[in-house]
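K.L.:
My questions are about this predicted structure, shown below with the sequence.
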Amino acid sequence: MAQNPVERRIVVLISGSGSNLQALIDAQNTPRLPHTRIALVLSNRKAAYGLTRAANASPPIRTAYLALQPFLKANPGKTREDYDREVARIVVREQPDLVVLAGWMHVLGEGFLDVVSGHTVLQGEPAPPTPIPVINLHPALPGAFDGTHAIERAFEAYQRGEVERVGVMVHRVIKEVDRGEPVVVREVPCEKREPLESFEERLHKAEWEVIVEATRRVLDEAKPVRVSVEFLRVARGG
Ligand SMILES: Nc1nc2c(c(=O)[nH]1)N[C@@H](CN(C=O)c1ccc(C(=O)N[C@@H](CCC(=O)O)C(=O)O)cc1)CN2
Ligand SMILES: NCC(=O)N[C@@H]1O[C@H](COP(=O)([O-])[O-])[C@@H](O)[C@H]1O
């Protein structure tokens, strides 16, 4: 009797519209992302539409909100590192197999990274049994346009002839921003003199594929799942 595949759990961190979160929601428990469930969506912006996407999912996905400035105001004397540790506490409680940064616009410091890697144990919380991998979606190719507004910066550099290639990547998250090992890299075509909007539309479509592919790849490293023929048949509405 084949064992029931072990479910893989992911936590997704967002700050905005959540179109990449939506790609993950839609891919859950399909052959693209088998036996995988989003356990929690955490946003650092209350108005992030991604929170609505999570609530509207079927079944609904639990959400949480924690922003840096309100946290500091509510906890006088606490620091950014304390905030990062609180983010880690929220995440680790879900016992995820993977954390995906899908438009999460906050640089995570050692307060977060040391907890999810198991190097630091939070008081009153069990340490994760194994280091929890963290990956980030970034709208640029490795080694260029680190940080925010990368789409616009890369697009303008291409139009000025300063770069010949643009694209998206998902990389592992380390302390150095956008310098972690690439997991999936996808070049996105760009046309000279095309409007930014048409490039952005093409780039986002690539992101929605790359984020699912990268999530599957990293999950399979730790908990490989062979998709059963029966699962495929049911998934295809057979
Ligand atoms: N330790 C890491 N943290 C994060 C990484 C990473 O690679 N290592 N990736 C980023 C995502 N990101 C680009 O891909 C990115 C997001 C935000 C910033 C940034 O400068 N944020 C400012 C606040 C900006 C704002 O609120 O609009 C900040 O954190 O002070 C840089 C890069 C996610 N985190
Ligand atoms: N530096 C990180 C960064 O710029 N991330 C970018 O935020 C957007 C989130 O869109 P979404 O909220 O619709 O998923 C995406 O374009 C992603 O590449």
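P.N.:
Alright, I've got the coordinates. Ligands and ions are numbered 1, 2, ... in the order given.
K.L.:
Next up, identify which helix or strand the closest residue to ligand 2 within the chain is on.
P.N.:
Scanning the chain for the residue nearest ligand 2 gives Gly103, at 2.6 Å (criterion: CB to the nearest ligand atom). The way it works is simple: take the backbone N, C-alpha and C, and place the C-beta from them, glycine included. Using DSSP states H and E, Gly103 sits in no helix or strand.
K.L.:
tell me the contacts of it?
P.N.:
By CB atoms under 8 Å, 6 or more residues apart in numbering, Gly103 lies in contact with Ile14, Ser15, Gly16, Ser17, Gly18, Asn20, Leu21, Gly50, Leu137.
K.L.:
So which of the residues you listed are in strands?
P.N.:
When DSSP state E is applied, the contacts of Gly103 are split such that Ile14, Leu137 fall in strands.
K.L.:
Got a ChimeraX select line for the buried ones in the contacts of Gly103?
P.N.:
Paste this into ChimeraX to select the buried members of the contacts of Gly103, with burial taken from 16 or more other CB atoms under 10 Å:
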select :14,15,16,18,20,21,50,137
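K.L.:
which phi and psi does the residue of the chain closest to ligand 2 have?
P.N.:
The phi and psi values for Gly103, taken as degrees, to the nearest 10, are phi 80, psi 30.
K.L.:
Where does the prediction get shaky in this structure?
P.N.:
Scanning the chain with the threshold set as pLDDT under 70 gives 1-4, 227-231.
K.L.:
which stretches of it form helices?
P.N.:
Taking DSSP state H to define them, one finds helices in the chain at 19-27, 49-56, 68-74, 80-92, 110-116, 150-159, 196-222, 229-235.
K.L.:
Turn those into TSV, columns for distance to Lys175.
P.N.:
Below are these laid out as TSV (distance: least, CB to CB, whole Å):
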stretch	distance to Lys175
helix 19-27	23
helix 49-56	25
helix 68-74	17
helix 80-92	11
helix 110-116	6
helix 150-159	19
helix 196-222	19
helix 229-235	39
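K.L.:
Pull up the residues of this protein that are close to ligand 1.
P.N.:
Taking CB under 6 Å from any ligand atom as the criterion, the chain approaches ligand 1 at residues 101, 104-108, 136, 138, 147-148, 173, 175, 177-178, 180.
K.L.:
now, which of those residues lie within strands?
P.N.:
Secondary-structure check on these using DSSP E: residues within strands are Leu101, Asn136, His138.
K.L.:
Would you agree the second one is in contact with Ile174?
P.N.:
No: in this structure, Asn136 is not within contact of Ile174 by CB atoms under 8 Å, at 9.7 Å.
K.L.:
what residues are shared contacts of these two?
P.N.:
Taking CB under 8 Å, 6+ apart as the contact definition, Asn136 and Ile174 share the neighbouring residues Gly180.
K.L.:
Between those two, which is the more surrounded one?
P.N.:
Per other CB atoms under 10 Å, whichever of Asn136 and Ile174 has more neighbours is Asn136, with 24 against 14.
K.L.:
Quick one: residues contacting the more buried one.
P.N.:
By CB under 8 Å, 6+ apart, the residues touching Asn136 are Val100, Leu101, Trp104, Val170, His171, Arg172, Val173, Asp178, Gly180.
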